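> need coordinates for the following:
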Amino acid sequence: MGMRQQLGIAQAIMKDPEILIFDEPMNRLDHAGVKEIRDILKGLRDEGKSIILASHNSEDIQELCDTVCEMNAGVLKIKRG
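Residues are numbered from 1 along each chain as shown. The predicted structure is shown next:
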């Protein structure tokens, strides 16, 4: 399943979109896969791409996000930005 996840991410970035939306992109990846995907997302962010990332993993959020929003009971709250 990890290779399928990586393939989906590769397909998402192949056409060089300005905005990328990911839902739990590190799910089912091993440690090396997580590091590789984080590095790719950081590179895209540094190129000026907008990335929307849904994740329950606080480490992913801390490393990758400039602005953090939390949804609780249908209410969206900006926590950092």
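> in the chain, which spans are strands?
19-23, 50-54, 68-72, 75-80 (DSSP state E).
> next, the buried residues of stretch 51-64.
Residues of stretch 51-64 classed as buried: 51, 53, 55, 60-61, 64 (neighbour count, 16 or more other CB atoms under 10 Å). Where C-beta positions appear, they are placed from N, C-alpha and C, glycine not excepted.
> do the same with stretch 25-34
Residues 25-26, 29, 33-34 are the ones in stretch 25-34 that count as buried (16+ other CB under 10 Å).
> just give me the closest of those to Q5.
Comparing the buried residues of stretch 25-34 against Q5 with CB to CB picks out L29 as the nearest, at 5.9 Å.
> the closest one: what's it in contact with?
With contacts defined as CB atoms under 8 Å, 6 or more residues apart in numbering, L29 is in contact with 2, 5-6, 37.
> and the angle from the longest helix belonging to the chain to strand 50-54?
Scanning the chain for the longest helix, with DSSP state H as the assignment, gives helix 31-46. Angle of helix 31-46 versus strand 50-54, following axes from the mean of the first three to the mean of the last three CA atoms, to 10 degrees, is 140 degrees.
> please name every helix or strand in contact with helix 31-46.
If contacts are counted by 3 or more CB pairs under 8 Å, 6 or more residues apart in numbering; DSSP states H and E, helix 31-46 sits against helix 2-14, strand 50-54, helix 58-64.
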